[in-house]
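Engineer: My questions concern the predicted model and sequence given below.
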Amino acid sequence: MGKKYLKFMPLLLTLFFFIWVNNLLGLLPFGFNLTGNIAATLLLALVFFVVMLANANKDFWGHIFNPPGVPTGIKFILVPIEILSNLLIKPAALAIRLFANIFAGHTIILSIVLLIFIFSAISKVAGIAFVPVSVGFTIFMFFLELLVAAIQAFIFTNLTAVFIGQAIEEHHHGDDHGHH
């Protein structure tokens, strides 16, 4: 982001702490996991998308609609790919990545706990014998989820910063990026 980072710092810090706190709240008993809902993560990605588009400069749009140093015939293929990549795939990837990672962790914890009932249906002894194993794995996964909560908040925020940085990057005059 260069020298323009201060403009985006409130957004990035808000995204990080919002995601992190909601991930942690989802680990509490009877807590609702907002980031485990695809609608919420899509809304977060939409916020990023609007900020990126509102701040994108002419160099960003120029590279999308008229990539420098690319033969004209290839531009017919590359331009639609660039449009899809920047206007659809980046926001969707942010949303799906956050949702899938948080949802998967919670699903694993639930599956391990439900194994107690599955083994109990087979045999009462098997169910009771599996309780310590299930509790041990659940506690391990819970601590792993604490780490994942912070990592996913960091990754979403970092990728948001990278994508916004790409949109606001100034073209360096005299630097043709190897295109001749």
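Structural biologist: All right, it came through fine.
Engineer: where exactly do the helices run in the chain?
Structural biologist: With helices called from DSSP state H, the chain shows them at 5-25, 38-55, 58-65, 72-84, 90-122, 124-168.
Engineer: any chance of these in CSV, plus distance to Phe32, mean neighbour count and mean pLDDT?
Structural biologist: Bear in mind the C-beta positions are built from the backbone N, C-alpha and C, glycine included. As requested, those are exported to CSV (distance: least, C-beta to C-beta, whole Å; neighbours: other C-beta atoms under 10 Å; pLDDT from 0 to 100):
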stretch, distance to Phe32, mean neighbour count, mean pLDDT
helix 5-25, 7, 16, 93
helix 38-55, 10, 17, 92
helix 58-65, 37, 14, 87
helix 72-84, 33, 12, 91
helix 90-122, 11, 17, 89
helix 124-168, 14, 16, 90
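Engineer: got the ones you listed as CSV, with distance to Gly31 columns?
Structural biologist: Converted to CSV, the helices of the chain look like this (distance: least, C-beta to C-beta, whole Å):
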stretch, distance to Gly31
helix 5-25, 5
helix 38-55, 14
helix 58-65, 39
helix 72-84, 37
helix 90-122, 10
helix 124-168, 12
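Engineer: which outside residues touch stretch 44-64?
Structural biologist: 7-8, 11, 15, 18-19, 35, 68, 79, 82-83, 86-87, 90-92, 94-95, 98, 156, 160, 163-164, 166-171 (C-beta atoms under 8 Å, 6 or more residues apart in numbering).
Engineer: Let's see that with 7 Å instead.
Structural biologist: Under the contact criterion C-beta atoms under 7 Å, 6 or more residues apart in numbering, stretch 44-64 has outside partners 11, 15, 82-83, 86, 91-92, 94-95, 160, 163-164, 166-171.
Engineer: Now do that stretch: distance from first to last residue.
Structural biologist: Start-to-end span of stretch 44-64 (C-alpha to C-alpha, to the nearest Å) is 24 Å.
Engineer: excluding its backbone neighbours, what's nearest Val70?
Structural biologist: Excluding its sequence neighbours, the residue lying closest to Val70 (C-beta to C-beta, 6 or more residues apart in numbering) is Leu78, at 5.9 Å.
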